[in-house]
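[1] Sharing a sequence plus its predicted fold:
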Amino acid sequence: MIKEEIKQLIENAIKQKADFSVEIPVEKRHGDYSTNVAIILSKKLKRNPVGVANNIIAEINQLLIQKRLDSLFEKIEAAGPGFINFFISQKYLQKQIKVILKEKDNFGNLKIGRNKKANVEFISANPTGPLTLGNGMGGFGGDVLANVLARAGYKVFREYYVNNVGGQIDRLGHSILGDQEAVYKGEYIEKLRNQLLKNKKTPPTFKEAGERAAKIILEKMIKPSIKKMGIKFDKWFFEETLYKSGEIDKTINELKNKGFTYEKEGALWFKSKDFGDDNDRVLIKSDGTKTYFASDIAYLKNKFKRGFNKLIIILGADHHGYVQRLKAASQALGHKKEDVEIIILQLVRIFEKGEEVRMSKRSGTYITIDELIDEVGLDATRFFFLQRSFDTHFNFNLDLAKERSERNPVFKIQYAYARICSIFRRASNLKWRINRNLHLIKEPSELDLIKQLIKYPEIIENIAKNYQLQRLPNYALELAEALHKFYEDCRVISEEKKLTEARLSLILAAKIVLKNVLKVMGISSPQQMKRIELNNKYYIMRHGQAISNLKEVVSCLPESFENPLTEVGRKEVEASARKLIGKKIDLIFSSPLLRAKQTAEIVGKILKVSPEYDERLREINFGIYNSASIIEFNKYFEDRKKRIKKGAPNGGESYEEVLERILSFFKEINKKYKNKNILIISHQAPLFLLEGYLKGFSLPEIITSPKEKQLCLGQVRKIN
């Protein structure tokens, strides 16, 4: 990792300990990496920080020559009040493509965990009801943190602690019986009541009802939800086993023997304050019952006994007081307080149309995690929860999560991956070799993309150390944006074979890294993207042959220009229409332009369906029409300013504006009708853009598609 190499070079250059940082600057003019080491040392040495910076740079340059790493940086310079800025060389960046292509799925894997055993306990919701929205942060966060730690070199074990003993199970039993001590409400309680009490001559006690209901909730509600969340636990640990095995009594006796307990007011207390807690904690109440904390300590001991070096426990927002007491217990058991790390979650709220949708497991108005996944999909649910750190309050934007556009960040990221896949589909007939001609990779957006790619191992390292999971989705979004910028500036497949080979290698490296990132987040990497769910079956048809194919006609046509179908064109249209007879077409939408209109009239008579003429299809066609063919769209958009001057209708629209016109027309039809067979008749351009977009292609890919994929005059094709 380049960041680690820079740190090592600095440490070797200064030959002393210093608490400095190496960061990525906000502004490019400050380099690719920057350090404050000279500023830190200048205070200690009482010297000018710029002078200190220049001395350090001289030492680093000597080290680079000695280690034959002088091609690593384009330059290293002192700036501002004493910062040292590092600019990565073009040659080094080009080499990183080879590194990524060699390591493939292992790129980003580290050894900082040194194969230590790490236990990540998360969710651990009481078996008293379904998993709700509130369990999403800990569930997805815990799962992804485990993925990151595994990538960082830990042996990771996922665990769910089932609290199936104590007061909450008793309260569940009372709720099933519906007596005065009932607490939990909701439809699931009614169903459990019918299941457990119906046709019973002797009703169960509240304890029996609670225990039976808890088992059903765990097996029929919680575990299926966990599976739906894409999470797989290595162990489901039941609290009752700690009682049955006598581990709680043994742990309490151990604390007694070590002198860490005392009796007060008939209760047994743990000397938690001796280890930094703000209060001592009760282990056994005056009535002889053991507290939850007593079983928590026994559970800690059980984990350590199983050989785990690192314990991570993710708890809900109401567990702030547990941090110090659990760390105190760890020390009392003979371990370091750092061996136990507790992450406290914050509250989650869901918003729809600007209004908060409240949840409450006890009032029965909760939102389950299943409902949320059904509503927005697993990928979007995971991503949105991961966008906030564990310790931040989170408002889940339901409307944005459901949107299938680039406003939705997870859609944008997956689209970037699908776009790479579509390029490789187009390149399937090309003969090319990886890692060739990489010296041709030198455009700014190409180099910026590589800089994003090589950040990935650093992201894994940072998260493994500080658990700031939000850096992962943020990085994925930055990578997707770098890819989109690259596509804007650089054409991957071109007539220049060597450059094509180099750029295919670059996007193959990007594909590897982006897939790795999505995999760590537990999000799918689709090879194609659906932008809209189609409620009907759609067919598209290009108008028949006209008097002129318009290749010689100027691009800016008056609305009144008439170009009627030829006899051959009519026969082409009739032949296509007859093929549609068995499809039972319900609706026909057509452009009102003469050729499309005449085509629609012929088809309508044969299929016995009256066409509807929509002005938007005419506007779309004028907005994108080029005097040559659809393949020359690029030329059209380059010349659009000239076209505005000529007064062409909609002649100044961008790709996105034209596409938005098409989709608004299409979405309106898709929303209005369901389960219909619909035929859309127009000119080539609108149909081609629409079909390509709905099938998940990017605009440049649609525009440069081979001619054989286009609709011929009078031809009809099914979209879905």
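    Nice, I can see it.
[2] who touches the closest residue to Asp179 other than its chain neighbours in this structure?
    Spatial nearest neighbour of Asp179, chain neighbours left out: Phe206 (7.3 Å); criterion: C-beta to C-beta, 6 or more residues apart in numbering. All C-beta spots, glycine's among them, are computed from the backbone N, C-alpha and C. Phe206 makes contacts with 170, 173-174, 176-177, 179, 181, as judged by C-beta atoms under 8 Å, 6 or more residues apart in numbering.
[3] Please apply the same query to Ile367.
    Taking C-beta under 8 Å, 6+ apart, we find Ile367 in contact with 132-133, 350, 357, 359.
[4] distance of it from Lys223?
    Distance of Ile367 to Lys223, computed by C-beta to C-beta, to the nearest Å: 19 Å.
[5] Please apply the same query to Ser494.
    Counting by C-beta to C-beta, the gap from Ser494 to Lys223 is 53 Å.
[6] The two - which one has more neighbours?
    The neighbour comparison of Ser494 against Lys223 (other C-beta atoms under 10 Å) goes to Lys223, with 16 against 11.
[7] which ones are touching the more buried one?
    Per C-beta under 8 Å, 6+ apart, neighbours of Lys223: none.
[8] okay, it: pLDDT?
    For Lys223, the pLDDT comes out at 98.
[9] Please apply the same query to the one 3 residues further on.
    At Ile226 the predicted local distance difference test score is 97.
[10] What are the buried residues along the host helix or strand of it?
    For Ile226, the element it lies in under DSSP states H and E is helix 223-228. For helix 223-228, a neighbour-count test (16 or more other C-beta atoms under 10 Å) marks 223, 225-226 as buried.
[11] packing partners for the helix or strand where Ile84 lies?
    Applying DSSP H and E as the criterion places Ile84 in strand 83-88. With contacts taken as 3 or more C-beta pairs under 8 Å, 6 or more residues apart in numbering; DSSP states H and E, strand 83-88 sits against helix 2-14, strand 33-35, helix 37-45, helix 49-66, strand 73-79.
[12] Arg542: what's it in contact with?
    The contact partners of Arg542, taken as C-beta under 8 Å, 6+ apart, are 681-684, 687, 711-716.
[13] Now intersect those residues with the strands, please.
    681-682, 716 (DSSP state E).
[14] tell me which of the residues you listed is nearest to Lys7?
    The nearest member of the ones in strands among the contacts of Arg542 to Lys7, counting by C-beta to C-beta, is Ser682 at 60.2 Å.
[15] I'd assumed His543 was in contact with the closest one.
    Yes - the pair Ser682 / His543 is scored as a contact, 7.2 Å apart, by C-beta atoms under 8 Å.
[16] Double-check that Asp19 belongs to a strand.
    No - if the criterion is DSSP: H, G, I helix; E, B strand; the rest coil, then Asp19 is coil and not within a strand.
[17] tally of neighbours for it?
    Counted with other C-beta under 10 Å, the neighbours of Asp19 add up to 7.
[18] Equivalent analysis for Gly129, please.
    As a burial measure, Gly129 scores 24 neighbours (other C-beta under 10 Å).
[19] All good on my end, thank you.
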